[in-house]
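predicted model, plus sequence, below.
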Amino acid sequence: MAAEKIFNDSVHGHIKMHPLLVQIIDTPEFQRLKNIKQLGGGYFVFPGASHNRFEHSIGVAHLAGELVEQLVEQLNVGEEVITDKDKLCVQIAGLCHDLGHGPFSHVFESFMKEAELEWKHEEQSVKMFEQLITRTITRNDESYTIEQIMIERYQFEDRDIVFIEELICGENPPTERHNALPPPDQEGWSYKGRGKEKSYLYEIVANKRTGIDVDKMDYFSRDCLHLGMKSNFSHERYVMFARVCTNESNEKQICIRDKEALNMYELFHIRYLLHHNAYQHRVTKAIEMMIVDALLAAERTFTYWMARKSLTSLHLTLNYT
C-alpha cells in the first residue's frame, strides 16, 4: 500500500496527498497524463505552456480537498455531516476528472467530432477510472486491485464509487455499476451516489449549476503562470468565504459573501483574457486544425478506425498518448 506523499506544485506549493490518491497516481492510466499538454496546440505558440494534465489533476484534487474542509468547518448545526469518505470521494473525482483526455487535450475531441465518432472526455474519464480501479496490480508477489483497497481499507461501497463517477461526469455516468443501483427516492433528484441533502458536493469538481468549480480555478491559475499572464482572481479567498446555503428551491448549494463579488468578476475576466490571448489565438487554432487534419488522414492506420461504430476500447487513449 502506498504511503502519504508530498508534491511540490508550481501553483499551490507543497501538497499533501492521501495514500489512496497516491495509489491512483502510481497507475499507468494516471501517469499517461504527463504526456498530455494542458493547452494542446498552444505549446507550439507559447513556449512556456509546457504544463500537462498530470500536474493540473493533482492541483484540482488539492483544491477540492481544501474546499471540502472549509465547508465542514462552516456547516450549521443540524445539517448533514460531511464525512471523511465524502471528502476522499471528492478528492478522487478531482484527481481523475481528466483521465479520459486524448492526445493534444481538447484537440482530440475536435478530431473525434470530425471523424463522426460520439466521444466525450468526461465519459471516457469514467471508463478509464473503472479500468484503473479494477485492473489487477502485482507488486512484491502480491496481487490486488485499487477497488479492493477502497472496499477493504476504506469501507467503500458501490454507491461511493458511483458518487465519484457522477462527480467526474457532472451527470449520471453510463456505467453498469451506476445502472445496478436503485433509482433515487427523492423527488427532482437524479443522482444515486449521494442524496439531495448533499447536492452542494456536486458543485465542487464539475459545477453544472454555475460553472464555478475548482477545475477552472486550478487551470486558470496554472495557465496564467505558464503563459506569463497576471491573474487577479484568488482561489484562496473563494475557499475562505465559501459556505453551504439553502436557495429558493430549498436546495443546498455553495455560496460566497457578497463582498467577494469583485473576486468572482476576476474569475470570469481572466477566463475571457485567456480565451482572447491564448485559447483562441489564431496561430494556435490553425495548428490545432492541422493536427486534426493529420489525425483524420491517418485514421485508417490507427486502431481507432475499428471503433467507428462504438468507441469502447479503453486501450485507444493509452496507445496514442
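Yep, that arrived.

any idea how far residue 9 is from residue 59?
6 Å (C-beta to C-beta, to the nearest Å). For every residue, glycine as well, the C-beta is placed using N, CA and C.

give me the more crowded residue out of the two.
Shown here are residue 9 and residue 59; by other C-beta atoms under 10 Å, residue 59 has more neighbours (27 against 16).

which residues of the stretch 151-300 of the chain fall in strands?
Under the criterion DSSP state E, counting those that start in this stretch, the stretch 151-300 of the chain contains strands at 242-246, 252-256.

so who does the residue lying closest to residue 161 once chain neighbours are set aside touch?
Closest residue in space to residue 161, ignoring its immediate chain neighbours: residue 177 at 6.2 Å, by C-beta to C-beta, 6 or more residues apart in numbering. The contact partners of residue 177, by C-beta atoms under 8 Å, 6 or more residues apart in numbering, come to 130, 158, 161, 162, 165.

find the nearest non-adjacent residue to the first one, please.
Sequence neighbours aside, residue 175 is the residue nearest to residue 130 in space, at 6.3 Å (criterion: C-beta to C-beta, 6+ apart).

which phi and psi does that neighbour have?
phi -120, psi 160 (degrees, to the nearest 10).

low-confidence stretches in the stretch 151-300 of the chain?
300 (pLDDT under 70).

try 90 this time
Within the stretch 151-300 of the chain, the segments meeting pLDDT under 90 span 169-176, 178-190, 246-251, 288, 291-300.

just to revisit the earlier point, which one of the contacts of residue 177 has the most neighbours?
So for those (other C-beta under 10 Å), the most neighbours sit at residue 165, 28 neighbours.

what spatial separation is found between that residue and residue 243?
27 Å.

and what of residue 181?
Taking C-beta to C-beta, one finds residue 181 at 30 Å from residue 243.

please apply the same query to residue 179.
Applying C-beta to C-beta, the value for residue 179 to residue 243 is 35 Å.

neighbour-wise, which of these two wins?
The neighbour comparison of residue 179 against residue 243 (other C-beta under 10 Å) goes to residue 243, with 16 against 11.

hmm, residue 258 and that one touching each other?
No: contact criterion C-beta atoms under 8 Å: residue 243 and residue 258 do not qualify, at 11.7 Å.

residue 27 - nearest residue in space that isn't next to it in sequence?
residue 132 (5.3 Å).

which residues does that neighbour contact?
24, 27, 29, 30, 96, 99, 146.

for residue 157, same thing?
Residues counted as contacts of residue 157 (C-beta under 8 Å, 6+ apart) are residue 151.

distance of it from residue 189?
For residue 157 relative to residue 189 (C-beta to C-beta), the value is 19 Å.

what bits of the stretch 1-150 of the chain have low per-residue confidence?
1-3, 41, 74-81, 100-124, 136-144.

can you pull out the helices in it?
19-25, 28-31, 53-74, 84-96, 106-114, 121-134, 146-152 (DSSP state H, counting those that start in this stretch).

most packed of those?
helix 84-96 (a mean of 24; mean count of other C-beta atoms under 10 Å).

chain center to it: distance?
When distances are taken as C-alpha atoms, centre = their mean, to the nearest Å, helix 84-96 is centred 10 Å away from the chain's centroid.

angle of that helix against helix 121-134?
Using axes from the mean of the first three to the mean of the last three C-alpha atoms, to 10 degrees, one finds that helix 84-96 and helix 121-134 are set 120 degrees apart in direction.

start at 43, not 1
All set: I'll call the first residue 43, so the last point we hit is now helix 126-138.

show me what helix 126-138 is packed up against.
Applying 3 or more C-beta pairs under 8 Å, 6 or more residues apart in numbering; DSSP states H and E, one finds that helix 126-138 contacts helix 61-67, helix 95-116, helix 163-176, helix 200-211.

which other residues reach that helix?
Contact partners of helix 126-138, identified using C-beta under 8 Å, 6+ apart, comprise 60, 62-63, 66-67, 72, 99-100, 102-107, 110-111, 114, 167, 170-171, 174, 196-198, 202, 205-207, 209-210, 235-236, 240, 243, 246-247, 256-257.

residue 302: neighbour count?
16.

now find how far off-centre stretch 245-253 is within its chain.
11 Å.

and it, which residues are buried?
Buried residues in stretch 245-253, counted by 16 or more other C-beta atoms under 10 Å: 245, 246, 247, 248, 249.

for residue 152, which non-adjacent residue is closest in space?
residue 334 is the one closest to residue 152 (C-beta to C-beta, 6+ apart), at 5.3 Å.

could you tell me how many residues sit around the one you found?
Counted with other C-beta under 10 Å, residue 334 comes out at 21.

number of nearby residues for residue 315?
Using other C-beta under 10 Å: residue 315 sits among 17 other residues.

what sits against it?
Residue 315 touches residue 271, counting by C-beta under 8 Å, 6+ apart.

that one and residue 262, how far apart?
10 Å.

same check on residue 143?
17 Å.

the more surrounded of those two?
Between residue 143 and residue 262, counting by other C-beta under 10 Å, residue 143 is the more crowded of the two (28 against 21).
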